[in-house]
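Undergrad: Based on what follows, work out the 3D shape:
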Amino acid sequence: MERILIIEDEKDVNQLLARNLQNSGYETVSVRDGLDGIEQLRKQQFDMVLLDLMLPWKSGDEVLKEIRKDCDIPVIVISAKDLVGTKIDLLTLGADDYITKPFDLGEVTARVVSNLRRYHMMSREKQLTYKELTLDTESKSLAVNGAVLELTAKEYGIMELLLQSPNKVFSKASLYETIWGYEYLGDENVIKTHISNLRAKMKHHSETEYIETVWGLGYRLAKKD
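TA: Numbers count the residues shown, from 1 in each chain. Below you'll find the predicted structure:
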């Protein structure tokens, strides 16, 4: 179940938003000032934040700045301020959407659904998965069963290439010229050594074979069972 943090100082508005989102199938946590909001974000994982601007102790724009230092979850600002300049400033700071009070609950739900869908689509694009492998293109990391492997830049490049085209057979020449950036002159040992090292590192965390040798052609990801 997706979890939404509501940071809104008006008790009635906070409760109204919480009930509406809970009825739509979301789990909610409600706080009524900016400092409590930041504290909850440090202690728990959330999929979205609904953020008021006029908050005690720490204003909404300051909270937004704090959020954007650490994470990229969707933030929808809900405020009585209807000035175009204010909206532009908040969007520039990193808000994903802006809803003006008084609001329609149906619109709030629609905006929540839309922003979460967009966020999850972007998250999937940042990650490539195959069997027990997860490759994160932002952090340039590869995990097997949740364990992050220590890879060289060339090893990471090989795995990213294979995961981007899981059904494609890559010749030694295409791997070398793509990853190393030089013309392939027939030195198979370079490719073989890197493939062997990758297999050994992945084998340490899983018995599954991930790289298949296609004799006479090259390498590809091992076919799924």
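
Undergrad: So which bits of the helix or strand bottoming out on mean pLDDT in the chain are buried?
TA: Here the helix or strand of the chain ranked lowest by mean pLDDT, DSSP states H and E is helix 84-93, holding a mean of 79. For helix 84-93, burial by neighbour count (16 or more other C-beta atoms under 10 Å) applies to 86, 87, 90, 93. Backbone N, C-alpha and C define where each C-beta goes, glycine included.

Undergrad: go on, stretch 140-157?
TA: Within stretch 140-157, the residues that qualify as buried are 142, 143, 144, 149, 151, 154, 155, 156, 157, counting by 16+ other C-beta under 10 Å.

Undergrad: Distance check, the last one against residue 206.
TA: Read that as residue 157. When C-beta to C-beta, to the nearest Å is applied, the distance between residue 157 and residue 206 equals 21 Å.

Undergrad: cool, and residue 135?
TA: Counting by C-beta to C-beta, the gap from residue 135 to residue 206 is 14 Å.

Undergrad: now residue 17
TA: Residue 17 sits 44 Å away from residue 206, going by C-beta to C-beta.

Undergrad: Give me the more crowded residue out of those two.
TA: Neighbour count, other C-beta atoms under 10 Å: between residue 17 and residue 206, residue 17 has more, with 24 against 14.

Undergrad: residues near the closest residue in space to that one that isn't next to it in sequence, how many?
TA: Closest residue to residue 17 apart from its sequence neighbours, by C-beta to C-beta, 6 or more residues apart in numbering: residue 6 at 5.3 Å. Per other C-beta under 10 Å, the neighbour tally for residue 6 reads 25.

Undergrad: One more: residue 39?
TA: Other residues lying near residue 39 total 12 when counted by other C-beta under 10 Å.
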